[in-house]
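1. coordinates for the following, if possible.
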Amino acid sequence: MKPLPLPDQRHLNAAEGWLGLGDHLAANEELENITPELRAHPAVLSVRYRVYAKGKNWDGAAEIAGTLVKLIPEEPAAWIWWAYSTRRKTGSGLLEAKNILITRPVASGQISDRARRASANATDFGVRAWRGSA
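-> Alright, predicted model coming up:
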C-alpha cells in the first residue's frame, strides 16, 4: 500500500487524534481535508469506518468495511468490521454477519477451521436463543 503524502498523512493523524478524544465529528471534518482522490486509500477508509461506527452510522460503516474487504482482503479487521456493522445496519442481522465471517477466506495461521465452526455454531445458538427456540 502506497503511503499518503505528508499533508494528507497529517490530516489522517489529526483525525485519529480527534477520535482518541471522542470527537468523531471533528475527526470527520479532518478527513474531509484529505485530497479527494486519496480518500479511498485503505488507511483513510479505516479511520472513516471508525468515525461512522462512533456515530452509529451503521449503513455507511458497512459500506466502507465492504470496500476495505475488497481492497485489503488479507486484513482480518476489515472482515470483522464488515460483519459488525452489517449486523447493525438497517434491515440486517446476525445471519448476514455470520455469512460474512464464515465465507471469509482464511490465510494460513490466522484462524483454524475449528474456530470458524465454533463461531458459526455460537452465532446459530444466539439466533435461536433470540427467537426463543434454543
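2. can you pull the contacts of residue 14?
-> residue 30 (C-beta atoms under 8 Å, 6 or more residues apart in numbering). Quick note: C-beta positions are derived from backbone N, CA and C, even for glycine.
3. who's in contact with residue 4?
-> Going by C-beta under 8 Å, 6+ apart, residue 4 touches 12, 34, 38, 41, 43-44.
4. now with 6 Å?
-> Residue 4 makes no contacts at all, as judged by C-beta atoms under 6 Å, 6 or more residues apart in numbering.
5. can you list phi and psi of it for me?
-> Main-chain dihedrals, residue 4, degrees, to the nearest 10: phi -70, psi 150.
6. check residue 5 too.
-> phi -60, psi 150.
7. look up how far residue 23 lies from it.
-> The gap separating residue 5 from residue 23 is 25 Å, by C-beta to C-beta, to the nearest Å.
8. give me the residue at the spatial middle of the protein.
-> The chain has residue 81 as the residue nearest its centroid, 2.6 Å off, counting by C-alpha atoms, centre = their mean.
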